[in-house]
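S.K.: just to be clear, the model below is a prediction. Sequence and coordinates:
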Amino acid sequence: RDMIDAYSSEQRLNNAFERVIWIFYLVIVVFSSLIGDSMILIASVRCKAMKLNEFIVAVMQHIAFCDLLQSVSFVFPTIISLIADEWILGYVLGYCISCLNSISFPAASILVCVLTTSKLFLLKFPLRTGFWTARNGHKLCSSVWLILILLHGMLIIMGDHRVMFNYISYNVVIDLSTCWANKCIRLMGISSVIPAVIVMVATVLILHDLFKSRSASQ
């Protein structure tokens, strides 16, 4: 199969100037992501330049990798689709991109949640340093990737689904018309929303502890 069906065509950007502005913005996003995430990975892996807890550094490495993956699998194809005003990368590549997006977006939310909550626990239990090693950080983050890959594998094996081009995002998405696709995508959606709520709560608690420590020092 060579073609991908499109929907939400009423949201198509018919104004060329709007598309140019959107393309320009996304190009900046791609370059900033490639430069920033590459610097984080190089500084933490090769140069050992980050003077942070090694568990935190390990989680940051996974977040940087996830951000690079999203730049390649989502932002860059979106730029191409905006230039062509349609999907021109074919069905096979579109299917692979939709799979990567379905995994990387919930992974980003969960990894940021892990980063924030680990900072909170480090503040609450500063003496319990046995767990906060780089090895455990990589194990925890790798388990997040593995669970999401297995969940998406269930969608591929059990679901009779298809990939479609969405003019709202100018990228490919998984069609939700089948029962299994609905269940899996909703579960992945929940895996993005719940971490976001946890991040907000953990951030408030971290700020509360910092203000409390500052008041006590004064």
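M.R.: Yep, that arrived.
S.K.: only C-alpha atoms from now on, for both contacts and neighbour counts.
M.R.: Will do.
S.K.: which parts of this structure are strands?
M.R.: Ranges of strands in the chain, per DSSP state E, are 6-7, 163-166, 171-174.
S.K.: low-scoring stretches of this protein, by residue?
M.R.: 1-11, 47-50, 127-129, 159-161, 175-192, 216-218 (pLDDT under 70).
S.K.: which ones are touching the spatially closest residue to L148 that is not a sequence neighbour?
M.R.: The shortest distance from L148 to any non-neighbouring residue, by Cα to Cα, 6 or more residues apart in numbering, is to I103 (5.9 Å). Residues in contact with I103 (Cα atoms under 8 Å, 6 or more residues apart in numbering) are W145, L148, I149, H152.
S.K.: do you know which of the strands of the chain lies nearest P195?
M.R.: For the strands of the chain, distance to P195 was read as Cα to Cα. The smallest value, 22.0 Å, belongs to strand 171-174.
S.K.: show me the contact partners of the closest one.
M.R.: Counting by Cα under 8 Å, 6+ apart, 74, 77-78, 81, 87, 94-95, 97-98, 161-166, 181 sit against strand 171-174.
S.K.: partner strands of it, with direction?
M.R.: The strands beside strand 171-174 in its sheet (DSSP bridges) come out as strand 163-166 (antiparallel).
S.K.: could you dump the strand it pairs with to CSV, C-alpha only?
M.R.: Written as CSV, here are the backbone C-alpha positions of strand 163-166 (Å, rounded to 0.1, in the frame of the first residue of the first chain):
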residue,chain,number,x,y,z
VAL,A,163,-2.7,5.0,9.8
MET,A,164,-4.2,8.2,8.6
PHE,A,165,-2.8,11.7,7.9
ASN,A,166,-4.2,14.4,10.2
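S.K.: just how off-centre is stretch 124-135 within its chain?
M.R.: Distance of stretch 124-135 from the chain centroid (Cα atoms, centre = their mean, to the nearest Å) equals 26 Å.
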